[in-house]
Structures are given as C-alpha cells and as structure tokens.
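> quick one, structure for this:
(one chain, ligands or ions: 2)
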Amino acid sequence: MAVSSLNKIATSLAQADLLKNLSADLIHLLSTISTSVHFNKGQTVFKSGDKANKIFFIEKGTISIVENEIELLKLQTNDCFGEEFVLPDGVYQSSAVAADDVVLLQINRQDFFAVLSKHHESFNTILIVFIQKMYSQNQLKHTVFVQRLDRLNKELSKAKNDVEVRTIEMIKQEKLASLGLLSAGIAHELQNPLNFVNNFAELSGEIIGEIKSTNNTTEKDTLLNDVAGNIEKIQQHGMRASRIIKRIVSFSRGNTGDFELTNVNTICKEYVYLATAGIKSNIFGFECNIVESYNEQLPMINTNAQDLGRVILNIVNNAFYALNERNKNSPANENYHPELQIITKNVNKKIYLHIKDNAMGIPAELQAKIFEPFVTTKPAGEGTGLGLSICRDIIRNLKGDIMLISENGKGTEFIITLPVE
Ligand SMILES: Nc1ncnc2c1ncn2[C@@H]1O[C@H](COP(=O)(O)OP(=O)(O)OP(=O)(O)O)[C@@H](O)[C@H]1O
Ligand SMILES: [Mg+2]
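Ligands and ions are numbered 1, 2, ... in the order given. Purely as a prediction, here's the structure:
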C-alpha cells in the first residue's frame, strides 16, 4: 500500500473513539492491516449470527445496527462496530446495514491479534476498552429495547381502545340498520291484516247501506249474517295484527317464537284462502285457477305455524301479483289463464311444499339475488323487497330449505322443505 494512503488510514484510525489512547506506533501498525471497504446504501455489512471475524471503523457515512428488524442504533464516523470479534468463536449479536453510502476500515481478527500480541500493555488496554464497549452497547440496546417495548405497548393499548370504540360504533350502526329493517318488515307484515280489516269494514258499510234500503226481511237477515261474518273476519285479522306485533316484540327481545305441533296442510289452506280473499278485494275482477293438492297423510310437525303462514302468504302474494301482471299484459289471442298450484308431499322424512305459478317467471340475473333484502321490481311504494328475504330467514329458523325454479316467460315455483323430526 502507498505511504500516503497508509497515513490517511492511520489518521482515520487515530480518530476512532476506541483507539484514541493507543500509541502512534500501534496505530501505524494497525493501519498496515486495515482495508478500506465501501458499502452502498441498504447493503448489509454482516448479519446477526454471522461468525464475528472482523471489526469495522466508520470513516464516512452511517451504519444501522438492527436486531429483530428493529433499528437499535445509528453509528457515525469514528464509531466502531463488530467488537464481538474479540471473543473466541464470537458471533455478531446484531446486523449492520449501511444507512447511506459508507466507507469503512476493516481489520481481520487474526491480523489484529498478531499485531497486538507483540504489545502486551496495549493488548490489555484494548481488550478492556472492547469489553467496556460491548457492555455499554448492550446496556444501550437494553434501554432502546425497553423504550421500544414501552412505545409499542402504548400504541397497542391505543389501538385496542380504537378497536373498542369502533366496535361499539359498528354495533350501534348495525342496531340502527336492523331496526330500520325491522320497521320495514313490521310495516310489510301489518299491511296484510290491515288490508283485510279495511276491506271487510268497507264491505260491511256497503251492506249496512243495503240493509237500510230494503224492507225484505229475508234479504235483511242474509245481509245481517254477511255483516256478522265480516265482523268476525275483522276480528280475526285484528287479532292477527296483534299476534304479529307480539311476535315482533318477542323477536326484538330475542325470543325464538312458539313451536307447536302443526298440520302443514291446514296452514297452507288457511293462508292461501287469506291471500286469495286479499287479492280479490284488492284487484277488481281478478280471476285465478287455484289447484290445491294436499297429501292428507302428511305427518304433524313441530314448527312455528305462524311463521310458516307468513312465508306462504308472502310467496302466494308474490305469485298473485305476477299472475295479475301477466294477465293484464297478455294479448287477447294468447288465451292465457292464470293458475296457482299448491302441493304438499312427504318424501324421505321431509315435508315438501310446492307453490307454483304460470306467470312470467324470473330472469336468471334476478334469481341469483332474489332472497336478498330490498330486491324488488315492483314500483316504488308497492314492494319493499323484503318478502323473500324474510321467508328465507324464517325457513332457516325452522331448519328447512327454500328453493326456486323459474323459467323466464313460463312461471315460477318455490319449493319449501321442512324436517319431519
Ligand atoms: N312468483 C313470482 N313471479 C315473478 N316474479 C317474482 C315472483 N316472486 C317474486 N318475484 C320477484 O322477486 C322480487 C322480490 O320479491 P319479494 O317478495 O322479496 O319483494 P317484493 O314482493 O318486491 O316486495 P314486498 O314483498 O315487500 O311486497 C319481486 O319484486 C319480483 O320481481
Ligand atoms: Mg313479496
């Protein structure tokens, strides 16, 4: 090596904190065994766990000392690192990475000890300095670790707090959303019995007018009987509205509803009748062929009869709506006759209930999301789009299944299965 560059290295080494107290001769000797090395920003000088066989002095630039991906220290010009090399079979405790472009002076362990072995006094001094440095660096690392742990702890408890606050907000939002959903559901469920109440009340008003205007006692008796029948129906549907409210209140309190031994045929007959009466009083002149085919051997099942009734009502109402739409739009030469089929079967310990219409069917893209809430093709104000999503939830609650088969232009069939056990 040229004398000028040896002098330059010696000057650098003499400034290193670790070597400050060494004699000029010894510094000169060390400079003869030092090599200048360059590392670009981001390059690793050594990794933690590597065999410690070199010590490094920083001539220029910054080195990051990293442990477990955490930067413990930043070392600058005149600092040294890799002092573990003093230990027999030592390994580097941490990794050293160039934080920017750096110039280092490196000395091999073997050369270092070869030089120092001839200078006993310096040898002792330098060993003590190394050990002190290792000790103080360990102390420093410990402090940095504790500080970092402390900071992480604070960040963690802040994050925990944030999560708690956000969870509470989400629960509030979810509650609000389900409250909205529930109120829409309540409106939907109450509309039906209220329609009956209004229609039968209106009808009764008309009949009373007829009673007043007739002197024929037989006709009067018949009309009075009709009014009595209507009052009974008004009462029935009023009670149904109360039951709905009771059920919704118990639902919002988390109750599961009443399961009772039920004849599915009876529920079907009752609700198909109710729906038919409803549509007839709503749509003047609506005619539909209703084909009911009940398996009279159907076993009684333990289920929530009222909820099952809601499902039938929803599906039959949808079918009537669709049948009426198709009927209205059907060209005269099509000879279209609206038809609704209700079929019950008992197959493999399951009750099957089919509700099938010959309306316009449901397009495939709509079928895919038909059980989702708020999916509707009805004009604003005529449908909430909640009917089928409520049906799906109810049937799931009853441990059953609900399926849809529909062909565009031909009709729609809903198949409900319920367990017999
Ligand atoms: N039998 C059917 N034939 C044709 N389309 C149907 C039939 N049943 C349901 N649909 C379609 O599915 C949509 C969703 O039905 P759903 O019962 O969920 O809500 P909705 O009837 O629109 O509103 P709501 O039930 O609140 O009155 C309907 O708007 C309609 O487009
Ligand atoms: Mg509906």
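> what residues does the chain put near ligand 1?
Those residues of the chain that sit near ligand 1, judged by C-beta under 6 Å from any ligand atom, are 188, 314, 318-319, 322, 357, 359, 362, 370, 375-378, 383-388, 412. Every residue, glycine included, has its C-beta placed from N, CA and C.
> what subset of those is buried?
188, 314, 318-319, 322, 357, 359, 362, 370, 375-376, 383-388, 412 (16 or more other C-beta atoms under 10 Å).
> from the residues of the chain next to ligand 1, which land in helices?
The helices, defined by DSSP state H, take in 188, 314, 318-319, 322, 387-388 from the residues of the chain next to ligand 1.
> out of those residues, which touch ligand 2?
318, 387 (C-beta under 5 Å from the ion).
> and the ones in helices among the residues of the chain next to ligand 1, which two are furthest apart?
Using C-beta to C-beta, these span at most 17.4 Å, a distance reached by His188 and Ala322.
> which strand residues bridge Leu416?
Not Leu; residue 416 is Ile. According to DSSP bridges, the partner residues bridging Ile416 are Leu353, Ile402.
> mind listing what it touches?
Neighbour list for Ile416: 311, 352-353, 355, 395, 400-403 [criterion: C-beta atoms under 8 Å, 6 or more residues apart in numbering].
> rerun at 7 Å
311, 353, 395, 400, 402 (C-beta atoms under 7 Å, 6 or more residues apart in numbering).
> ok, it to ligand 1 distance?
Separation of Ile416 from ligand 1 (C-beta to the nearest ligand atom, to the nearest Å): 14 Å.
> confidence score at that residue?
Note on Ile416: pLDDT of 98.
> quick revisit: closest to ligand 1 among the ones in helices among the residues of the chain next to ligand 1?
Gly387 (2.5 Å; C-beta to the nearest ligand atom).
> ok, and the closest non-adjacent residue to that closest one?
Excluding its sequence neighbours, the residue lying closest to Gly387 (C-beta to C-beta, 6 or more residues apart in numbering) is Asn314, at 4.2 Å.
> returning to what we had before: output the contacts of Ile416 as CSV; include the columns neighbour count and pLDDT.
As requested, those are exported to CSV (neighbours: other C-beta atoms under 10 Å; pLDDT from 0 to 100):
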residue, neighbour count, pLDDT
Val311, 26, 90
Leu353, 25, 98
Ile395, 21, 95
Gly400, 20, 96
Ile402, 20, 97
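> let me have the residues you listed in JSON lines, extended by distance to ligand 2.
As requested, the contacts of Ile416 are exported to JSON lines (distance: C-beta to the ion, whole Å):
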{"residue": "Val311", "distance to ligand 2": "11"}
{"residue": "Leu353", "distance to ligand 2": "17"}
{"residue": "Ile395", "distance to ligand 2": "15"}
{"residue": "Gly400", "distance to ligand 2": "19"}
{"residue": "Ile402", "distance to ligand 2": "13"}
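> now tabulate the residues you listed in TSV and tack on distance to Arg240.
TSV is the format used below for these (distance: C-beta to C-beta, whole Å):
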residue	distance to Arg240
Val311	15
Leu353	21
Ile395	20
Gly400	23
Ile402	23
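> low-confidence stretches in the chain?
Of all residues in the chain, those with pLDDT under 70 make up the ranges 1-4, 167, 170-188, 246-257, 281, 381.
> could you pull out the helices for it?
Counting by DSSP H, the helices of the chain are 3-15, 24-32, 109-116, 120-213, 217-252, 264-282, 305-329, 364-367, 387-397.
> right, so the ones you listed: which one is the most enclosed?
Mean neighbour count (mean count of other C-beta atoms under 10 Å) peaks for helix 305-329 among the helices of the chain, with a mean of 21.
> and for it, what's in contact with it?
189, 192, 243, 247, 257, 260, 262, 267-268, 270-272, 274-275, 279, 283, 286, 288, 336, 338, 340, 355, 357, 359-360, 387-388, 390-391, 394-395, 397-398, 412, 414, 416.
> go on, stretch 204-217?
In this structure, residues lying in contact with stretch 204-217 by C-beta under 7 Å, 6+ apart are 220, 223-224, 226-227, 230-231.
> one more time with 8 Å
Here stretch 204-217 makes contact (C-beta under 8 Å, 6+ apart) with 220, 223-224, 226-227, 230-231, 234.
> got the residues of the stretch 301-421 of the chain near ligand 2?
Applying C-beta under 5 Å from the ion, we find that the stretch 301-421 of the chain lies next to ligand 2 at 318, 387.
> for ligand 2, what's its nearest residue on the stretch 301-421 of the chain.
Residue nearest to ligand 2 within the stretch 301-421 of the chain (C-beta to the ion): Gly387, separated by 2.7 Å.
> returning to that earlier point: distance to Ser94 for the helices of the chain - can I get that in TSV?
Output for those, formatted as TSV (distance: least, C-beta to C-beta, whole Å):
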stretch	distance to Ser94
helix 3-15	23
helix 24-32	24
helix 109-116	18
helix 120-213	8
helix 217-252	60
helix 264-282	74
helix 305-329	67
helix 364-367	61
helix 387-397	58
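> of all the ones you listed, which lies closest to Pro299?
Ranking the helices of the chain by proximity to Pro299 (C-beta to C-beta) places helix 264-282 first, at 9.1 Å.
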